[in-house]
Structures are given as C-alpha cells and as structure tokens.
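Undergrad: Can you look at this prediction? I've put the sequence above it.
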Amino acid sequence: ERARFQPHVEEYEHLGGVQAGYRELGPLWEAALASERRRVEPEEAMLRSVVQIEAPIEAAWKVVTDAGTWKEFMRASQVAVLPGARGTLADGEIHCHHGKDGREVTEFRVLLAAPPRELSIFSADQVDFYQTMALAEIGPGRTQVETRVLWRARPGLPGRLMSAVFGFMMSRALARGARTLERLGREAATPPAPRT
C-alpha cells in the first residue's frame, strides 16, 4: 500500500523536515465517475419527450438551465441553481422549494453539463431519478430538446406502487414541460418590442 504514495517532505519551522507521502487522486476520481451513471440513453428511457423550439441552440440552452424554467417545470415556489465546478453547472445542484413555506425541497444533482448540448440530473427522493435533456440544432434558429427519464424504485410492493405513481406523475410533468419549453423558447427567440 505504501508503494502507491509519492514520497514528500513537509518542512515545519519548529520540527524541520517531516517525511510524508501523497497519492494522486485523479485516477480515483476517474474510477468513481466511470461507475456512476452520467446520462440516460435513448434506448433505456422509461419516458421520453421530444420538443422542437423555435430558437437557436444557445437560447434553448439558456431556457433549459434557467431557474425560472425549473420553477415552472416543478411548480415550485422558489428555485435555486447552485453552481458547481469553476462556477459552471458541472457538479452543481438545482434546489426546488415546495409547500406553503417553501421548506420542502427537491434536490437535483447535475451529473453532466455540456453546454449547449446536454444536461443530466439525478435525485434520490422516493425513487432514484435520472433525467437527460439533449439539445440538437435542427435548422436555422430551431432546436430539438429530447428529455429522457429513467428511475429505479425501492424493492418490494411499496417500491412497485411508488414506481407506478411516479411514472404517472412524470408522464404528466413531461407533457407540461414540453408545452413550457415551446412557449419559453418562442419568448427567448422573440426580440423585445421597441420602446415607445
């Protein structure tokens, strides 16, 4: 085990040199990422929605990642998009506050953020929930947003019941989300009216 550590000497004012060692964490991080789901592939999606937005892909990306959009998607009273690595969405979180006082929180961890093409999130609440939103240019000023959803229920009868309820709720949420994306995409692509 010691062979894995790189020898190193730490210098201290009152102690002098102290023999130490360190281990590169890059390979450990890569191994952890390799075993973690990063996206929902089209063939494994349990639910899928495809929407065409009348907006360029950069504008569509801004809509998909906007806190206001998530507020509408989730019917939340408040949404906080917390940045991750280097101030980007990568490894960030999206917190959706619900209820009268906003104390109920659904937390989504960003698994993959590849602007302006892909956003994948994860939440472990009643089920382990994965969602990928894949954006593709389909013509000048037009973008397709494909949303793919996968979930894993807990074992046993309670898990199967929760999976059925979750599937019903998600199918309705995807339909509502598609309408929201279409509307917000149109708004994002429409230049503001001149002031008079």
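TA: Received it, and whenever you're ready, just let me know what you need. Please read these numbers as outputs of a predicted model, since none were measured by experiment.

Undergrad: Nearest residue to the middle of the chain?
TA: Ile121 (2.7 Å; Cα atoms, centre = their mean).

Undergrad: tell me the SS of it?
TA: Per DSSP: H, G, I helix; E, B strand; the rest coil, the local secondary structure of Ile121 is strand.

Undergrad: That one and Met170: what is the separation?
TA: With distances taken as Cβ to Cβ, to the nearest Å, Ile121 is found 13 Å from Met170. (Glycine included, C-beta is placed from N, CA and C.)

Undergrad: repeat for Ala134
TA: Separation of Ala134 from Met170 (Cβ to Cβ) stands at 17 Å.

Undergrad: How about Gly141: what's its closest non-neighbour residue?
TA: Among residues not flanking Gly141 along the chain, Pro56 sits closest, at 5.3 Å (Cβ to Cβ, 6 or more residues apart in numbering).

Undergrad: Can you tell me which helix or strand of the protein has the lowest average pLDDT?
TA: In the chain, the helix or strand scored least confidently by mean pLDDT, DSSP states H and E is helix 26-35, which has a mean of 73.

Undergrad: Show me how far it is from its chain's centre.
TA: Centroid separation between helix 26-35 and its chain, computed with Cα atoms, centre = their mean, to the nearest Å, is 19 Å.

Undergrad: right, and Thr106 touches Ser123 too?
TA: Yes: using Cβ atoms under 8 Å, Thr106 is in contact with Ser123, at 6.2 Å.

Undergrad: Pull the number of nearby residues for the residue nearest to Gly141.
TA: If you count neighbours by other Cβ atoms under 10 Å, Pro56 ends up with 18.

Undergrad: Tell me, what's the model's pLDDT at it?
TA: We have a pLDDT of 93 for Pro56.

Undergrad: same thing with Arg148?
TA: Here, the pLDDT recorded for Arg148 equals 97.
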